[in-house]
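Engineer: structure for this input, please:
(one chain, ligands or ions: 1)
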Amino acid sequence: MKHYLVTGGAGFIGANYVKYILKKHSDIQLVILDDLTYAGNLGTIRDNLKDPRVEFVKGNIVDPQIVKSIFEKHPIDFTVNFAAESHVDRSIENPQLFLQTNILGTQNLLDTAKKFWAVGTDEKGYPVYREGVKYLQVSTDEVYGSLGETGYFTEKTPLDPRSPYSASKTGADLIVVAYSETYKMPVNITRCSNNYGPYHFPEKLIPLIIKNILEGKKLPVYGDGSNVRDWLYVEDHCKAVDLVLLQGRTGEVYNIGGHNEMKNIDIVKLTIATVRKLMEENPEYRKALKPASLSVTDLNRINNDLITFVKDRLGHDHRYAIDPAKITGELGWYPETKFADGIVKTIRWYLENQDWVEEVTSGDYQKYYEQMYGNR
Ligand SMILES: NC(=O)c1ccc[n+]([C@@H]2O[C@H](COP(=O)([O-])OP(=O)(O)OC[C@H]3O[C@@H](n4cnc5c(N)ncnc54)[C@H](O)[C@@H]3O)[C@@H](O)[C@H]2O)c1
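Structural biologist: Model prediction:
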């Protein structure tokens with residue numbers, strides 16, 4: 001029996017990971033720690049909270065008392081840290097919050113785990129830890145900076161973050177390395193590319209585009225839309241985190257992603273075409289239109305004319321692309337879901353789960369949306 005502390009488990013990737021490991025491993029106990037910021041939604045894991053293997057704690061990863069109380073109550077073996085402020089645009093508006101959550105939160109989790117996991121010291125004075133424990137930091141390819149038209153990020157690419165978000169994630173990674181070197185803590189870092197799939201908060205590109213198409217709103221695209229991202233289906237990411245946690249070599253970094261490079265503008269056009277095609281084939285999906293409609297003529301408004309180019313993001317990185325050779329070679333992982341299949345699965349999910357979208361896009365999100373895209 002393994003006891004997990006999963007932070008950020010009510011967010012996009014964390015929730016998908018919780019669902020994935022509960023299905024995959026019967027013999028586990030989970031504590032989910034999440035502060036339920038605008039990006040966290042308990043509705044996403046509503047069904048999982050009924051599982052007797054799961055306990056939910058609302059709290060901030062920066063708070064030493066909360067994290068300590070979890071370790072006092074449960075014999076935690078694994079800490080998997082998804083909790084973060086994760087949106088680059090928001091980091092440009094409020095960098096300090098990103099440093100607090102992403103750097104200090106990570107340090108607090110490491111420090112508490114260190115205290116509870118250490119069972120003695122070796123002859124050189126380094127802590128010795130209970131057998132089988134590990135801390136896994138979920139990081140991002142953005143710590144490597146931006147690529148030109150060619151080349152890939154490997155685990156040896158120098159860290160070169162550009163935005164307050166990526167700088168804060170880099171700071172967190174370096175703290176993890178420091179705990180590994182200084183205190184010999186058993187850790188891994190995973191760095192993944194852009195995820196897409198179910199439960200993605202609709203301020204990120206793909207779910208935002210779907211939402212706006214359904215509402216007949218313009219589709220904002222930064223700059224000329226030529227920025228390239230390496231898209232990874234979220235379940236493939238969850239599989240990789242599970243593998244690294246259970247089989248990854250201690251102390252190692254693993255890049256996760258690979259060979260699904262797309263320009264933002266092409267993603268937007270493909271999303272438009274796919275929403276339209278799915279609605280043509282399945283009249284039931286047209287109920288997701290706002291206002292709901294079954295009329296085929298209403299589909300005429302779903303076309304590329306909805307695209308509107310908006311002022312580019314400050315310091316917008318041009319291209320990210322991952323070389324996943326290390327995780328493939330050592331752990332046999334590869335991105336199983338081809339983008340052409342993953343995007344259809346994702347759009348279907350959004351068309352069938354409009355209740356979830358309504359639930360998460362009330363309140364704070366509306367204010368934020370007005371601030372970023374108002375009058376466009
Ligand atoms: N989404 C991506 O494409 C992507 C790509 C690479 C790396 N990542 C990393 O993966 C992780 C998860 O990303 P995501 O897209 O699921 O993010 P998300 O914004 O959807 O979810 C973050 C979760 O963390 C919680 N949280 C935020 N601050 C907290 C705090 N101080 N204490 C406790 N909980 C807090 C939120 O409530 C939310 O549930 C992040 O660390 C992110 O940097 C994401």
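
Engineer: okay, now Tyr334: neighbour count?
Structural biologist: 13 (other Cβ atoms under 10 Å). C-beta: built from backbone N, CA, C; applies to glycine.

Engineer: ignore the last one, Gly171
Structural biologist: The burial count for Gly171: 20, using other Cβ under 10 Å.

Engineer: before we move on, what about the one 10 residues further on?
Structural biologist: Neighbouring residues of Glu181 were enumerated by other Cβ under 10 Å; the total is 11.

Engineer: and the one 10 residues further on, by the same measure?
Structural biologist: If you count neighbours by other Cβ under 10 Å, Arg191 ends up with 24.

Engineer: A strand includes it, no?
Structural biologist: Yes - assessed with DSSP: H, G, I helix; E, B strand; the rest coil, Arg191 lies in a strand.

Engineer: in the helix or strand where Asp355 lies, what counts as buried?
Structural biologist: Per DSSP states H and E: Asp355 is located in helix 354-360. Neighbour counts using 16 or more other Cβ atoms under 10 Å place 354, 356-357, 360 of helix 354-360 among the buried residues.

Engineer: one more: stretch 221-234?
Structural biologist: 221-222, 225, 227-234.

Engineer: first vs last residue of stretch 348-356, how far apart are they?
Structural biologist: Its start and end residues considered, stretch 348-356 measures 13 Å (Cα to Cα, to the nearest Å).

Engineer: now find how far off-centre that stretch is within its chain.
Structural biologist: 19 Å (Cα atoms, centre = their mean, to the nearest Å).

Engineer: next one: stretch 212-221
Structural biologist: Relative to its chain's centre, stretch 212-221 lies at 23 Å (Cα atoms, centre = their mean).

Engineer: how about that stretch as PDB, C-alpha atoms only?
Structural biologist: Provided in PDB are the C-alpha atoms of stretch 212-221 (Å, rounded to 0.1, in the frame of the first residue of the first chain):
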ATOM      1  CA  ASN A 212     -16.000  31.200 -27.900                       C
ATOM      2  CA  ILE A 213     -17.100  29.200 -31.000                       C
ATOM      3  CA  LEU A 214     -20.100  28.000 -29.100                       C
ATOM      4  CA  GLU A 215     -20.900  31.500 -27.900                       C
ATOM      5  CA  GLY A 216     -20.400  33.000 -31.400                       C
ATOM      6  CA  LYS A 217     -17.600  35.200 -30.000                       C
ATOM      7  CA  LYS A 218     -14.300  36.200 -31.800                       C
ATOM      8  CA  LEU A 219     -11.400  33.800 -31.400                       C
ATOM      9  CA  PRO A 220      -8.400  35.900 -30.100                       C
ATOM     10  CA  VAL A 221      -5.000  34.700 -31.400                       C
END
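
Engineer: for the stretch 1-150 of the chain, which segments are assigned as helices?
Structural biologist: 12-24, 64-73, 88-93, 95-98, 105-117 (DSSP state H, counting those that start in this stretch).

Engineer: so which residues on the chain come close to the ligand?
Structural biologist: 7-8, 10-14, 34-37, 39-40, 60-62, 82-86, 101, 105, 138, 140, 169, 192, 194-195, 201 (Cβ under 6 Å from any ligand atom).

Engineer: which of the residues you listed are buried?
Structural biologist: Judged by 16+ other Cβ under 10 Å, buried ones among the residues of the chain next to the ligand: 7-8, 10-14, 34-35, 37, 39-40, 60-62, 82-86, 101, 105, 138, 140, 169, 192, 194-195, 201.

Engineer: out of those residues, which sit inside strands?
Structural biologist: Among these, DSSP state E puts 7, 34, 138, 140, 192, 194-195 in strands.

Engineer: before we move on, the earlier item: of the helices of the stretch 1-150 of the chain, give the one that comes closest to Arg319.
Structural biologist: With respect to Arg319, and counting by Cβ to Cβ, the nearest of these is helix 88-93 at 14.8 Å.

Engineer: residues making contact with the closest one?
Structural biologist: For helix 88-93, contacts defined as Cβ atoms under 8 Å, 6 or more residues apart in numbering pick out 85, 98, 142, 163-166, 168, 203, 313-315, 368, 371-372.

Engineer: repeat the analysis, applying 7 Å as the threshold.
Structural biologist: 85, 98, 163-165, 313-314, 372 (Cβ atoms under 7 Å, 6 or more residues apart in numbering).

Engineer: same thing with stretch 301-321?
Structural biologist: Contacts of stretch 301-321 (Cβ under 7 Å, 6+ apart): 88-89, 92, 141-142, 145-148, 152-153, 162-163, 193, 213, 216, 218-225, 227-230, 261, 268-269, 272, 275-276, 376.
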